[in-house]
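> fold the following and give me the result.
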Amino acid sequence: ADLLGLNNAQLATGYIRIDAPLGNVFAYIGYGNTQTSSFAMIPGVDPATASRFHVYSHIAEGSGYFTGLTLLNPSARNADAEVFVMQQDGQTVGRSSFTLAPGSRVGKLFREMLPASLNQVGGWAYVRSTEPLIGAALFGSADGVALASVPQQSGAQQFNPPQQTVSAITGAVTQSDGRP
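Numbers count the residues shown, from 1 in each chain. A predicted model of the protein is given here:
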């Protein structure tokens, strides 16, 4: 935090880009919180390893757990991305699509991208894009005790997620007088 001029008392978001024209850089980024001892690390990624197809091996969006996904577009062109949430048996729970401008990133919980994934504990995600992306997922517990990075794995280009056959509805039904 000191090196980058960040204040530990304030939330900082973004990403760090390091250009090293004379050699290689070995980097890890660690993150955690000041309330519990949870801490996770993720390796720095060379933009040359960006991929159009990603797999994230675990999703937990319920029972006190959360999973977030961050995607970065290092290219000079717009990237049209699709995120699929899958059940453990391979059924598609939902799909979200969006465009990432050159050099931009998006970071959200899976339930924010795909409300149908709320209360899903287990399963995985598949990402495909028109341009190579860099990605990382974060898995943790709402009480702050657990925190872990879920690394990007290369996905198969020929994989075509099955049509969505399961769904979820969130919210509450109330009567006109406000009673449940």
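
> so how far is the lowest-mean-pLDDT helix or strand in the chain from its chain's centroid?
When the helices and strands of the chain are scored by mean pLDDT, DSSP states H and E, strand 28-32 comes last with a mean of 73. With C-alpha atoms, centre = their mean, to the nearest Å as the basis, strand 28-32 stands 15 Å off its chain's centre.

> toward the C-terminus from it, list the very next helix or strand.
Toward the C-terminus, strand 28-32 is succeeded by strand 39-43 as the next helix or strand (DSSP states H and E).

> okay, now the sheet partners of that next one, with direction.
The strands beside strand 39-43 in its sheet (DSSP bridges) come out as strand 28-32 (antiparallel).

> send me the partner strand as PDB with only the CA atoms.
Written as PDB, here are the backbone C-alpha positions of strand 28-32 (Å, rounded to 0.1, in the frame of the first residue of the first chain):
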ATOM      1  CA  TYR A  28       2.000 -12.000  -6.700                       C
ATOM      2  CA  ILE A  29      -0.800  -9.800  -5.400                       C
ATOM      3  CA  GLY A  30      -2.100 -10.600  -1.900                       C
ATOM      4  CA  TYR A  31      -5.400  -9.400  -0.600                       C
ATOM      5  CA  GLY A  32      -7.400  -9.900   2.600                       C
END
